[in-house]
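Asks: Quick one, fold the following:
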Amino acid sequence: MAHIVVLGAGLGGAIMAYELRDQVRKEDEITVITKDPKYHFVPSNPWVAVGWRDRKDITVDLEPTMKKKNIKFIPVAAKRLHPDDNKVELEDGREVSYDYIVLATGPELAFDEIEGLGPDGFTHSVCHIDHAEEAGTALKRFCENPGPIIVGAVQGASCFGPAYEFAFILDTALRRAKIRDQVPITFVTSEPYVGHLGLDGVGDTKGLLESEMRNKHMKWMVSSRVKKVEDGVMHVEEIADDGSIKAAHELPFKYAMMLPPFRGIPAVMGLDGLVNPRGFVIVDKHQRNPKYPNVFGIGVGIAIPPMGPTPVPCGVPKTGFMIESMVTATAHNLGNIVRGKDPDETGTWNAICLADFGDSGIAFVAQPQLPPRNVNWSSQGKWVHLAKIGFEKYFLRKLRKGTSEPFYEKTAMKMLGIDKLKAVKKTH
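Replies: Numbering: from 1, shown residues only. Below you'll find the model as predicted:
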């Protein structure tokens, strides 16, 4: 019998446990350790921030479902991983030993790296349900006395889609409230150009997003570094290609949502050979750590080298569909390993993204995620908004039922209205 621990129960960790249950032997024990007993569907957080969703709409109580799947569930945060001793130290003093562990923790939000950033400072976030609710409360106050808004992603962020989504969802919400004419919106990003997304663009994301911003009367600043944030003022430097300061700005705002830098969680930070200097887990093509072969990593918390040098640091995003491919590969590989076989499955790491704009949206497919690609496709329309709603309902239903059916590649293509991958290749 093998004991497999899954550390984290977010988008990756929850389905990791489900798929493991189907792949490993009946006698193998699975334990999920997570700091939050309830799962929140993070892609819906921008909707929470404008009042289009409530917490209860996007929340799943995981413990009952895990119990049905014969998965032990410990809702206590990890204090420290001890990979040399094959154990996890918990915040309540307990220690959990393992034969294999899958690190699915996601990132720590590094608001502290920029003075005045974050919910404890002067900007909001949609990275966590608690932050999204706070952003929604502040937005209600803002609507009573509107003014300038800043939305974007700071240096070191490695997920840009939610920033674009929130900017356009805000535009839709403000138009519906009939106060959009009183609200100048500026998009500030560390990306070298609009639509870079940490992926050097996908299809014509640059053209599509710039066009949409012009249509929505939004200004933008790229290759931007946020120095600090004060009450009502954001200090931003535009960086030239040679790394010099091109221009410095003091941008006034009454409401701001900025995605923070990401780093690894404290429980793994500084573990030589396991994580990189930012605390992200190092994995090989089988999602396995080279130094500790019984440690696997999936999701936002793993290390992926950036696309290349940019004037301001930009991380590489890990989209939901990409994470699911990591999950399926890891579950298959662990199923092999407990039976004495070698790991042989590799995640596709393809990027399939639905970016909702409130009443429209942009979808893109990057196969593989990093260029050069076999498929490099993007499109826009109201259908993307409907597809995003459909995906939300599908995924939450999947979690509540405890199904391990993957939702990526073929299923995503079908939802996007693309019957066959060949059709994409022929068109683009």
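Asks: how many neighbours does D85 have?
Replies: Residues lying near D85 (other C-beta atoms under 10 Å) number 10. Every residue, glycine included, has its C-beta placed from N, CA and C.
Asks: swap that for A167, please
Replies: Going by other C-beta under 10 Å, the residues that sit close to A167 add up to 26.
Asks: Break the protein down into its domains, please.
Replies: 3-109+263-348, 111-261 (automatic domain parsing).
Asks: Give me the mean pLDDT for the longest one.
Replies: It refers to domain 3-109+263-348. Domain 3-109+263-348 comes out with an average pLDDT of 95.
Asks: Compare the domains of the chain and report which one is nearest to V375.
Replies: Judged by C-beta to C-beta, the one of the domains of the chain that comes nearest to V375 is domain 111-261, at 9.1 Å.
Asks: Next one: G147 from I185, what distance?
Replies: 11 Å (C-beta to C-beta, to the nearest Å).
Asks: who has more neighbours, these two?
Replies: Set G147 next to I185 and count neighbours by other C-beta under 10 Å: I185 wins out with 22 against 13.
Asks: and the helix or strand hosting K388, which residues are buried?
Replies: For K388, the element it lies in under DSSP states H and E is helix 382-401. Within helix 382-401, the residues scored as buried using 16 or more other C-beta atoms under 10 Å are 383-385, 387-388, 391-392, 395-396, 398-399.
Asks: With stretch 244-257 instead?
Replies: Quick answer for stretch 244-257 (16+ other C-beta under 10 Å): 251, 253, 255-257.
Asks: one step back: looking at the buried residues of helix 382-401, which is nearest R94?
Replies: L399 (26.0 Å).
Asks: Does that closest one touch T65 like I think?
Replies: Yes. Counting by C-beta atoms under 8 Å, T65 is a contact partner of L399 at 7.1 Å.
Asks: Am I right that L174 is in a helix?
Replies: Yes. The assignment for L174 is a helix, going by DSSP: H, G, I helix; E, B strand; the rest coil.
Asks: so how far is H217 from it?
Replies: 11 Å.
Asks: quick one, which of these two is more surrounded?
Replies: L174 (22 against 12).
Asks: Quick check: phi and psi at the residue lying closest to the more buried one once chain neighbours are set aside.
Replies: In space, L174 comes closest to R180 once its chain neighbours are excluded; the distance is 4.1 Å by C-beta to C-beta, 6 or more residues apart in numbering. As for R180, its main-chain torsions (degrees, to the nearest 10) stand at phi -60, psi -30.
Asks: residues near R180, how many?
Replies: By other C-beta under 10 Å, neighbour count at R180 equals 18.
Asks: Then G270?
Replies: 10.
Asks: repeat for V226
Replies: For V226, the neighbour count with other C-beta under 10 Å is 29.
Asks: Which one, of the domains of the chain, ends up nearest to S378?
Replies: domain 111-261 (3.1 Å).
Asks: quick one: terminal-to-terminal distance for the closest one?
Replies: The first and final residues of domain 111-261 sit 7 Å from each other (C-alpha to C-alpha, to the nearest Å).
Asks: so where do the strands sit in the stretch 101-250 of the chain?
Replies: Residue ranges of the strands in the stretch 101-250 of the chain, as given by DSSP state E, counting those that start in this stretch, are 108-109, 149-153, 185-189, 218-221, 224-230, 233-239, 245-252.
Asks: How many residues are close by the closest residue to C127 other than its chain neighbours?
Replies: Excluding its sequence neighbours, the residue lying closest to C127 (C-beta to C-beta, 6+ apart) is L109, at 5.5 Å. As a burial measure, L109 scores 20 neighbours (other C-beta under 10 Å).
Asks: Likewise for I179?
Replies: Neighbours of I179 using other C-beta under 10 Å come to 14.
Asks: Report the separation between the residue lying closest to it once chain neighbours are set aside and I169.
Replies: Take I179 and drop its neighbours on the chain: the residue closest to it by C-beta to C-beta, 6+ apart is P146, 5.1 Å away. Here the distance between P146 and I169 works out to 16 Å (C-beta to C-beta).
Asks: Also K140?
Replies: Taken as C-beta to C-beta, the span from K140 to I169 is 15 Å.
Asks: Which one of the two is surrounded by more residues?
Replies: Using other C-beta under 10 Å, the more surrounded residue of K140 and I169 is I169, with 24 against 10.
Asks: Does A331 belong to a helix, a strand or coil?
Replies: A331 - assigned by three-state DSSP - is helix.
Asks: So what's the residue count around it?
Replies: Per other C-beta under 10 Å, the neighbour tally for A331 reads 28.
Asks: before we move on, back to that, if I pick the residue nearest to C127, what's in contact with it?
Replies: L109 sits next to 118, 125, 127-128, 260-262 when contact means C-beta atoms under 8 Å, 6 or more residues apart in numbering.
Asks: Would you mind naming the residues that bridge with it?
Replies: According to DSSP bridges, the residues that bridge with L109 are F262.
Asks: my read: the residue nearest to L174 touches F168, true?
Replies: No. Counting by C-beta under 8 Å, R180 does not reach F168; the two are 11.7 Å apart.
Asks: where does S44 land in three-state SS?
Replies: S44 ends up helix, using three-state DSSP.
Asks: Could you tell me which residues make contact with it?
Replies: Taking C-beta under 8 Å, 6+ apart, one finds 53, 57-58, 392 in contact with S44.
Asks: any idea how far it lies from K87?
Replies: Applying C-beta to C-beta to S44 and K87 gives a distance of 35 Å.
Asks: Check P371 too.
Replies: In this view, P371 and K87 are 41 Å apart by C-beta to C-beta.
Asks: Compare those two (neighbour count), which wins?
Replies: K87 (17 against 12).
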